[in-house]
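Asker: no sequence on hand, only this structure:
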């Protein structure tokens, strides 16, 4: 499976009512599991809060796009963004940093798996559009950049 197929699988699994999924294909194997009980309780307890969260994310993404019309680094998946490898560490990148292709610029946690976010091209960080530990959506702008 390539990365796009994995991302699509994670999104479909997240939206489904399945609680566990295991796929093995040749030498590749992936196992996904979620706790349906823990997810269902907050949704029943505060449906307004759940509905309000995507609206706030959409406004943030739109305002970020309005501020910077150049290149962006987008979130490849739904998850939680972390700017540093640990809470007491320095961030991977800050405004003004020059980044090489393949350099780690953040971490995205999805389903308790820490995924390193790497730059897809050489660039300069113009603006960091999300805060540490912020929930992010698929294709949400994370960094405004200038390609080098």
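Answerer: Yep, that arrived. Everything numeric in this text was worked out from a predicted model, so none of it was measured. Residues are numbered from 1 along each chain as shown.
Asker: gap between the residue nearest to residue 90 when sequence neighbours are not counted and residue 5?
Answerer: Excluding its sequence neighbours, the residue lying closest to residue 90 (CB to CB, 6 or more residues apart in numbering) is residue 84, at 6.3 Å. In this view, the C-beta of every residue, glycine as well, is placed from N, C-alpha and C. Using CB to CB, to the nearest Å, we find residue 84 at a distance of 30 Å from residue 5.
Asker: who has more neighbours, those two?
Answerer: residue 84 (14 against 11; other CB atoms under 10 Å).
Asker: please look at the more buried one and residue 132 and confirm they touch.
Answerer: Yes - the pair residue 84 / residue 132 is scored as a contact, 6.9 Å apart, by CB atoms under 8 Å.
Asker: contacting residues for the residue nearest to residue 90?
Answerer: 90, 91, 92, 132 (CB atoms under 8 Å, 6 or more residues apart in numbering).
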